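1. structural data only, the sequence is not supplied:
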């Protein structure tokens, strides 16, 4: 049986990164407000665990993006396909990622997409052409490395 998974990314501002990665990947930011409302009403969580983002309640220390074409659980807003979860941690990033995302835009579009990503807050770190593979090494707004591939 295949195991379902999500990729978790440590950060200081989960909502900023969720917005960035949703745009970078054509994903949707998950809306957890229905679940949050239920948990608030039941007293399971307090208002101190919640912030308002784009007019709806969101978790203060976490945000997620999901494949917009995959099914979504309507009770909690969680996507049931590929997801990225951004979670607050106290320390800032200090060294190179041990895991990173490769975004495959194609040979005709990867340079234009890298320009677009810079407009969203990414930074170019280098361009590479090795053994027939081309990519641009980039960093998201918090310095997490990723690659825009041809």
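-> That came through, no problem. No experiment lies behind these values; they were computed from the predicted model shown.
2. host element of residue 103?
-> Remark: residue 103 resides in strand 101-104, with elements defined by DSSP states H and E.
3. what about the protein, any weak spots by pLDDT?
-> Applying pLDDT under 70 to the chain picks out no residues at all.
4. you'd agree residue 113 is up against residue 119?
-> No. Using CB atoms under 8 Å, residue 113 makes no contact with residue 119, being 10.5 Å away. All C-beta spots, glycine's among them, are computed from the backbone N, C-alpha and C.
5. which stretches in this protein count as helices?
-> In the chain, the helices defined using DSSP state H lie at 14-25, 33-41, 110-119.
6. the second one: which residues count as buried?
-> Along helix 33-41, these residues count as buried under the neighbour rule (16 or more other CB atoms under 10 Å): 33, 35, 36, 39, 40.
7. who's more crowded, residue 113 and residue 119?
-> residue 113 (18 against 9; other CB atoms under 10 Å).
8. the chain - how does it break down into domains?
-> 7-88, 101-149 (automatic domain parsing).
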